[in-house]
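Participant: okay, predicted coordinates and the sequence, questions at the end:
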Amino acid sequence: MGMIRFNYRSQALGYYVDISITIPTDGFSYCDMESSRRHHRISGAQTEMPIYKPGMKFQTIYLMHGGGDDDSLVFRYTNAERYVYGMNIFV
């Protein structure tokens, strides 16, 4: 799983907010290996994975934390990332 952390200004809250997002990168191939094999010499056995296509929709789980900590709380003190691993869900 890939993880992105960013900070943006929320107009609703009136201040900057940190956000952490995990991206299901292990369940999809982001390049067509068949066309790559035609143009480049690729060795080694690689498992066939579904190819990501622009516009694909993913399920998303929004996790909110209480006051007193930051956005990384749900990744440091819970197993949320482990539970969704392999299910192609954004958290």
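Facilitator: Yep, that arrived.

Participant: read off the pLDDT value for the closest residue to residue 89 other than its chain neighbours.
Facilitator: In space, and not counting its chain neighbours, residue 89 is closest to residue 59: 4.9 Å by C-beta to C-beta, 6 or more residues apart in numbering. From N, CA and C alone the C-beta is placed, and that goes for glycine too. Note for residue 59: predicted pLDDT of 87.

Participant: most centrally placed residue in the chain?
Facilitator: For the chain, residue 23 is the residue whose C-alpha lies nearest the centre (C-alpha atoms, centre = their mean; 0.3 Å).

Participant: contacting residues for that one?
Facilitator: Applying C-beta atoms under 8 Å, 6 or more residues apart in numbering to residue 23 gives the contacts 1-4, 90.

Participant: the strands in the protein, which residues?
Facilitator: 2-10, 15-23, 59-60, 89-90 (DSSP state E).

Participant: among those, which comes closest to residue 75?
Facilitator: strand 15-23 (6.3 Å; C-beta to C-beta).

Participant: average pLDDT across that closest one?
Facilitator: Strand 15-23 comes out at a mean pLDDT of 86.

Participant: distance from the chain centre to it, please.
Facilitator: Relative to the chain's own centre, strand 15-23 is displaced by 12 Å; criterion: C-alpha atoms, centre = their mean, to the nearest Å.

Participant: which residues does residue 10 bridge with?
Facilitator: Applying DSSP bridges to residue 10 gives these bridge partners: residue 15.

Participant: which pLDDT value belongs to it?
Facilitator: So residue 10 comes in at 89 (pLDDT).

Participant: likewise for residue 33?
Facilitator: pLDDT at residue 33 comes out at 61.

Participant: what ranges do the helices span in the protein?
Facilitator: 33-39, 73-76, 80-84 (DSSP state H).

Participant: rank those helices by pLDDT, which is bottom?
Facilitator: Among the helices of the chain, helix 33-39 scores lowest, with a mean of 55.
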